[in-house]
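# sharing a sequence plus its predicted fold:
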Amino acid sequence: MTRRNFVNSVLITSVLPSLKKIIPERPAPKNKKPVVVSTWNFGMKANEEAWKILRKNGRALDAVEQGVRLIEADPENHTVGIGGYPDRDGHVTLDACIMDEFGNAGAVSFLQDVVHAVSVARKVMEKTPHVLLSGEGALRFALDQGFERENLLTPAARDAWMEWQKTAEYKPIINIENHDTIGMLALDADGNLSGACTTSGLAYKMHGRVGDSPIIGAGLFVDNDVGAATATGMGEAVLKTCGTFLVVELMRQGRSPEEACKEAVLRIAQKQNYKDFQIGFLALDKNGNAGSYCIHPGFQYAYQDSDQAVLVDSESYVREK
């Protein structure tokens, strides 16, 4: 060792202790579990249902299925399950998907006459070699699996459809129940993630239209090593950006859930005319940190852990006036 190298070595060694004092360590990330989050204010009720499973150390997959089933069975909710607003021909058609901690996924689209589309989606995941079944095939599969067939068009939804026919004008209304979805993400006591997403889609849509909700990587994506994300709002915009896959990949690169959701929203807002539609992303990472971001003010998500159950207002690209 030369004299110069020896001197440098001594200087570096003597400085290191003081550097430790000057440069504080980064705080450890939150490690909260179990946790469940879901979109919109009706997510509070859905979270309560999911929590019945999570608080008993149940599996996240079971929690998200049972949580969104509660909303699918609510005829007063006109965006999900029974009571959902029909398409322009008067048919209620449902889309849903589910994804577990192993990367398994199941989905149904354009499903009619079965209330619990999310449970049919789970059967697709567990009982078939496929990911997505659609239309008549999805219905036949559901009936074969023992699901009951019933009319999903309630009197209230039918009256709203008949009133709509007077003008037959389709126009998205921001934060009004004509294109909202329930997406739910859960982290269980074992540290495993799962997610579910279900909707009746755009009110008065063209017959046959399918949005982002049943599409893995658009309406929902789960990576058990990183986190999970779900989307709500105008499905076409989410489909064109593979929105939830993008959110999870951004979290893989080190973004927080809110930062990842914000970047996904920015990519939509910078390339599409967002004036008349809403998009909201919701994410949950492997440590139980949740975050969201939306285009217009008004999107909320429900959060529940062992300490609290709260409704959170999302940050937005368009600011409140």
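Received the coordinates, thanks. Just so we're clear, the structure is a prediction, and the values are computed from it rather than from any experiment. Residues are numbered from 1 along each chain as shown.
# okay, CA-based contacts and neighbour counts for the rest of this
OK.
# which positions within stretch 248-262 qualify as buried?
Of all the residues in stretch 248-262, those buried under the rule 16 or more other C-alpha atoms under 10 Å are 248-252, 255-262.
# do the same with stretch 78-96
Under the neighbour-count criterion of 16+ other C-alpha under 10 Å, stretch 78-96 has 78-88, 90-96 buried.
# the residue nearest to the spatial centre of the chain: what secondary structure?
With distances taken as C-alpha atoms, centre = their mean, the residue of the chain nearest its centroid is residue 230 (2.1 Å). Three states are possible here, and by DSSP: H, G, I helix; E, B strand; the rest coil the one that applies to residue 230 is strand.
# helices of the chain, start to end?
Counting by DSSP state H, residue ranges of the helices within the chain are 3-22, 43-54, 60-72, 117-127, 135-144, 155-164, 235-239, 243-252, 257-269.
# export those helices as CSV, with columns for distance to residue 199 and mean pLDDT.
Written out in CSV, the entries for those read as follows (distance: least, C-alpha to C-alpha, whole Å; pLDDT from 0 to 100):
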stretch, distance to residue 199, mean pLDDT
helix 3-22, 53, 42
helix 43-54, 13, 98
helix 60-72, 8, 98
helix 117-127, 9, 98
helix 135-144, 15, 98
helix 155-164, 15, 94
helix 235-239, 11, 94
helix 243-252, 16, 98
helix 257-269, 21, 97
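# winner for burial among those?
Mean neighbour count (mean count of other C-alpha atoms under 10 Å) peaks for helix 60-72 among the helices of the chain, with a mean of 26.
# and the helices of the chain as JSON lines, adding distance to residue 211?
Listed next are those as JSON lines, based on distance: least, C-alpha to C-alpha, whole Å:
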{"stretch": "helix 3-22", "distance to residue 211": "53"}
{"stretch": "helix 43-54", "distance to residue 211": "20"}
{"stretch": "helix 60-72", "distance to residue 211": "17"}
{"stretch": "helix 117-127", "distance to residue 211": "14"}
{"stretch": "helix 135-144", "distance to residue 211": "14"}
{"stretch": "helix 155-164", "distance to residue 211": "20"}
{"stretch": "helix 235-239", "distance to residue 211": "5"}
{"stretch": "helix 243-252", "distance to residue 211": "13"}
{"stretch": "helix 257-269", "distance to residue 211": "16"}
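# relative to residue 51, how far out is the closest residue to residue 47 other than its chain neighbours?
Closest residue to residue 47 apart from its sequence neighbours, by C-alpha to C-alpha, 6 or more residues apart in numbering: residue 67 at 6.0 Å. In this structure, residue 67 and residue 51 are 8 Å apart, going by C-alpha to C-alpha, to the nearest Å.
# and what of residue 44?
Residue 44 is 10 Å from residue 51, where distance means C-alpha to C-alpha.
# ok, now which ones touch residue 38?
Taking C-alpha atoms under 8 Å, 6 or more residues apart in numbering, we find residue 38 in contact with 44, 46-47, 182-185, 282, 301-303.
# ok, now residue 242?
Contacts were defined as C-alpha under 8 Å, 6+ apart; by that measure residue 242 touches 217-218.
# dihedrals phi and psi, it?
phi 50, psi 50 (degrees, to the nearest 10).
# distance of it from residue 230?
Distance check for residue 242 against residue 230: by C-alpha to C-alpha, it reads 11 Å.
# cool, residue 291 as well?
In terms of C-alpha to C-alpha, residue 291 sits 11 Å off from residue 230.
# any common contacting residues for the two?
Taking C-alpha under 8 Å, 6+ apart as the contact rule, the neighbours common to residue 291 and residue 230 are 282-283.
# partners of the closest residue to residue 186 other than its chain neighbours in the sheet?
Taking C-alpha to C-alpha, 6+ apart, and ignoring the residues beside it in sequence, residue 186 has residue 36 as its nearest neighbour in space, at 4.3 Å. Taking DSSP bridges, one finds residue 186, residue 304 as the beta-bridge partners of residue 36.
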